[in-house]
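Engineer: Prediction below, plus the sequence it came from.
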Amino acid sequence: MWTAVDDFRQGILAWVLGDHSAEIFQPLWDIIYLWKCYFYVTDGWKVYASFVEPGDHIISKTYMTRVEGENTRLRHYLPRLHGKTLCYSKSVDILKYSIRLFPHLLSIKKYLYLLYSSRKYATRTKAQSLRSANLATSG
């Protein structure tokens with residue numbers, strides 16, 4: 001899987017599935033090229049040299065942490081991306097659908113977290129105000 005991210009925007013902005021060949025990278029590059037970036041940070045695969053101009057290309061593992069972080073999140077939430085598994089289908093179509101649904105999964109998880117934490121806060125606040133009222137009337 002090839003992914004493209006931006007330091008100023010959250011999540012994976014574009015992706016393609018396949019091996020590390022120029023034919024597979026071409027559709028992703030067609031999307032990335034339209035962004036007109038000042039420079040491109042990569043991990044140094046040989047395929048990049050045929051697409052990215054040398055003056056615009058930075059090869060650095062240090063700057064790749066954002067990409068690695070997004071890939072880690074994908075592998076964490078989508079077991080289909082684990083190296084060896086007997087539990088999930090390795091169908092490319094199913095994998096594509098899973099990756100497309102991934103941002104929605106994260107937004108639902110975030111919504112549920114915010115909903116739960118706000119209810120927890122509201123319950124705690126209500127209990128504190130009842131306790132304060134009891135102390136005021138008993139004192």
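Structural biologist: Here it is on my side, so go on.

Engineer: Please count neighbours and contacts with C-alpha atoms only from this point.
Structural biologist: OK.

Engineer: Low-confidence stretches in the chain?
Structural biologist: Within the chain, the stretches with pLDDT under 70 are 79-90, 104-139.

Engineer: Go through stretch 23-38 and flag the buried ones.
Structural biologist: Neighbour-count burial for stretch 23-38 flags 25, 28, 29, 32 (criterion: 16 or more other Cα atoms under 10 Å).

Engineer: what's next to that stretch, contact-wise?
Structural biologist: 2, 4, 14, 15, 16, 17, 18, 47, 51, 56 (Cα atoms under 8 Å, 6 or more residues apart in numbering).

Engineer: how about a cut-off of 7 Å?
Structural biologist: Outside of stretch 23-38, the residues that reach it under the criterion Cα atoms under 7 Å, 6 or more residues apart in numbering are 14, 15, 16, 18, 56.

Engineer: Could you list which of those residues belong to helices?
Structural biologist: Per DSSP state H, helices hold no members of these.

Engineer: I'd like those as JSON lines, with neighbour count appended.
Structural biologist: What follows is those, written out as JSON lines (neighbours: other Cα atoms under 10 Å):
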{"residue": "14", "neighbour count": "15"}
{"residue": "15", "neighbour count": "20"}
{"residue": "16", "neighbour count": "16"}
{"residue": "18", "neighbour count": "12"}
{"residue": "56", "neighbour count": "11"}
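
Engineer: Filter the residues you listed down to just the ones in strands.
Structural biologist: 14, 15, 16 (DSSP state E).

Engineer: The contacts of stretch 23-38: which two are farthest apart?
Structural biologist: Farthest-apart pair in the contacts of stretch 23-38 is 18 and 56; separation 24.8 Å (Cα to Cα).
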